[in-house]
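1. coordinates for the following, if possible.
(one chain, ligands or ions: 1)
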Amino acid sequence: MLQIPWKTKGIVLTAPQPYKKEVQDVADFIERILAPSGVNLVVLQTRYRYRFQKHPECMGYDPLSYEDVQLLLNTCRRCGIRLVPKMNLLGHQSGLHNTPSDGILHGHATEGVLDYRDGLLRAYPMLDELPDQDTGFYARHLCLTHPLLPSILFDLMDEMLDAFAADGMHIGCDEAFNIGQCPRCSAKPPHILFADYINMLRDHLAARGAETMLWSDRLLNSAEAGYHAYESSANGTDGAIDLVHKDLLCCDWHYETHDRYRSVDIFADHGFRMMISPWKNLDSSRKFLEYAMEHDRGHIEGYLQTTWCSSGELARHYLYGAPLEWHNTPALVETLNSLFLSPEVIHD
Ligand SMILES: [Zn+2]
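-> Alright, predicted model coming up:
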């Protein structure tokens, strides 16, 4: 296990699937595997998979009930872990389904389905930035200037904050490739659209006493930072780095191996706090974390490990030795075992 000098050790878990009866397993995984490894933050990738009362039409497939969330929340509280819900509030408004009755789980589909849209765009297709274009299965995108958008989003965010009794929310906002494409949005430069939108969400959360976390790739200029156009922006949003509120917690994700991770310096130069977010590749994860430790000027709050597999899959593996299911999970497990988890909780 890598010893980190930062106050936060967090992990992003996909919300467990009630349909597969895996909520209790994931609670046990948190209590018996993550807590003894020193984890003090769980970011639950929930998207729209919650049984919303005010806008039930926006529910994603296989939503968590209020009681499911309370089980996870009470487990986290008992373990001294902060539980923060994560929604995708810009791009990634679509994804492949595992089965028609399951949640949208990134990367798990074995066969295609006709409608890739997540809950919000299924209920309100007019909020799609490019409703008549094929943007790829995972890249449907919200129209940031649609007058209906803020009121619906604020209702959904409020209900999520209430259910999780949360003092923070991760708003996603990564890989927003289709920003500013519709006739109304294209009147504004992408960095203005992006900054205004992020600040609007941040102000709403701040008024509720909640911190805003986001994936910060759209704030990095691809040419300056030296990352490709997924891990950084080549679509004109990066100027927003000078316009968004400084209390955003930037989750700096990089999954490729680089000689330098210049974002660590760029966010510090601009006065932001950040978390270091690797994924499955052990070599890349180690290099990124070591670079960050070496170059930290006091702006790094923590290590936020991403997973992207089913949390139930991880739980069953670590609790019962169940075989891994997704082709990316074995590499992730190697990284978790090497860097993230305490040796005492890992069995052969
Ligand atoms: Zn638009």
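
2. and the pLDDT for Arg32?
-> Arg32 is assigned 98 on the pLDDT scale.

3. what of Ser233?
-> 97.

4. ok, what's across the strand from it?
-> In this entry, Ser233 is beta-bridged to Asn221, by DSSP bridges.

5. Arg117 now?
-> On the basis of DSSP bridges, Arg117 takes part in beta bridges with Ser94.

6. what sits against it?
-> Residues in contact with Arg117 (C-beta atoms under 8 Å, 6 or more residues apart in numbering) are 93-94, 125, 128, 140. Placement of C-beta: from N, CA and C, glycine included.

7. wait, what's in contact with Ile300?
-> Contacts here follow C-beta under 8 Å, 6+ apart; on that basis Ile300 touches 6, 264, 273-276, 292.

8. the ion: which of these is nearest?
-> Checking the contacts of Ile300 against the ion with C-beta to the ion, the nearest one is Met274 at 29.1 Å.

9. thought that closest one was touching Lys246?
-> No - at 11.8 Å, Met274 does not count as touching Lys246 under the criterion of C-beta atoms under 8 Å.

10. including neighbour count, could the contacts of Ile300 go into JSON lines?
-> Below are the contacts of Ile300 laid out as JSON lines (neighbours: other C-beta atoms under 10 Å):
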{"residue": "Trp6", "neighbour count": "16"}
{"residue": "Val264", "neighbour count": "23"}
{"residue": "Arg273", "neighbour count": "18"}
{"residue": "Met274", "neighbour count": "24"}
{"residue": "Met275", "neighbour count": "24"}
{"residue": "Ile276", "neighbour count": "27"}
{"residue": "Ala292", "neighbour count": "24"}
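
11. so which residues on the stretch 51-200 of the chain come close to the ion?
-> 129, 143, 182, 185 (C-beta under 5 Å from the ion).

12. mind putting those residues in TSV, pLDDT, secondary structure and neighbour count included?
-> Below are these laid out as TSV (pLDDT from 0 to 100; DSSP: H, G, I helix; E, B strand; the rest coil; neighbours: other C-beta atoms under 10 Å):
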residue	pLDDT	secondary structure	neighbour count
Glu129	96	coil	26
Cys143	98	coil	23
Cys182	97	coil	18
Cys185	97	helix	19
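
13. now the helices: where do they sit in the stretch 1-150 of the chain?
-> 23-29, 66-78, 119-123, 149-164 (DSSP state H, counting those that start in this stretch).

14. quickly, which of these bottoms out on average pLDDT?
-> Among those, helix 119-123 carries the lowest mean pLDDT, a mean of 91.

15. quick one: the strands in this protein?
-> Counting by DSSP state E, the segments of the chain that form strands are 8-14, 41-45, 82-86, 168-170, 211-215, 249-253, 273-277, 300-305.

16. including distance to Ser285 and mean pLDDT, could those go into TSV?
-> Listed next are the strands of the chain as TSV, based on distance: least, C-beta to C-beta, whole Å; pLDDT from 0 to 100:
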stretch	distance to Ser285	mean pLDDT
strand 8-14	13	97
strand 41-45	17	97
strand 82-86	20	98
strand 168-170	20	98
strand 211-215	17	98
strand 249-253	11	98
strand 273-277	9	98
strand 300-305	8	98
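
17. now these in JSON lines, with distance to Leu161?
-> JSON lines is the format used below for these (distance: least, C-beta to C-beta, whole Å):
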{"stretch": "strand 8-14", "distance to Leu161": "18"}
{"stretch": "strand 41-45", "distance to Leu161": "13"}
{"stretch": "strand 82-86", "distance to Leu161": "7"}
{"stretch": "strand 168-170", "distance to Leu161": "6"}
{"stretch": "strand 211-215", "distance to Leu161": "11"}
{"stretch": "strand 249-253", "distance to Leu161": "16"}
{"stretch": "strand 273-277", "distance to Leu161": "20"}
{"stretch": "strand 300-305", "distance to Leu161": "20"}
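
18. go through these and name the closest to Asp118.
-> Taking C-beta to C-beta, strand 41-45 is the member of the strands of the chain nearest to Asp118, at 11.9 Å.

19. put the alpha carbons of that closest one into CSV.
-> Backbone C-alpha positions of strand 41-45 (Å, rounded to 0.1, in the frame of the first residue of the first chain) are rendered in CSV as follows:
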residue,chain,number,x,y,z
LEU,A,41,-14.1,9.3,1.3
VAL,A,42,-16.5,7.3,-1.0
VAL,A,43,-17.8,9.1,-4.1
LEU,A,44,-20.8,7.2,-5.2
GLN,A,45,-21.2,7.3,-9.0
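
20. which residues are in contact with it?
-> With contact meaning C-beta under 8 Å, 6+ apart, strand 41-45 is reached by 8-15, 30, 34, 72, 76, 81-86, 164, 170, 213, 302, 304.

21. just want the residue of the stretch 1-150 of the chain that's nearest the ion.
-> Nearest to the ion in the stretch 1-150 of the chain, going by C-beta to the ion, is Cys143, at a distance of 3.3 Å.

22. quick one, phi psi at that residue?
-> Main-chain dihedrals, Cys143, degrees, to the nearest 10: phi -90, psi 110.

23. give the closest residue to it in space, chain neighbours not counted.
-> In this structure, Cys143 finds its nearest non-sequential neighbour in Glu129, 4.5 Å apart by C-beta to C-beta, 6 or more residues apart in numbering.
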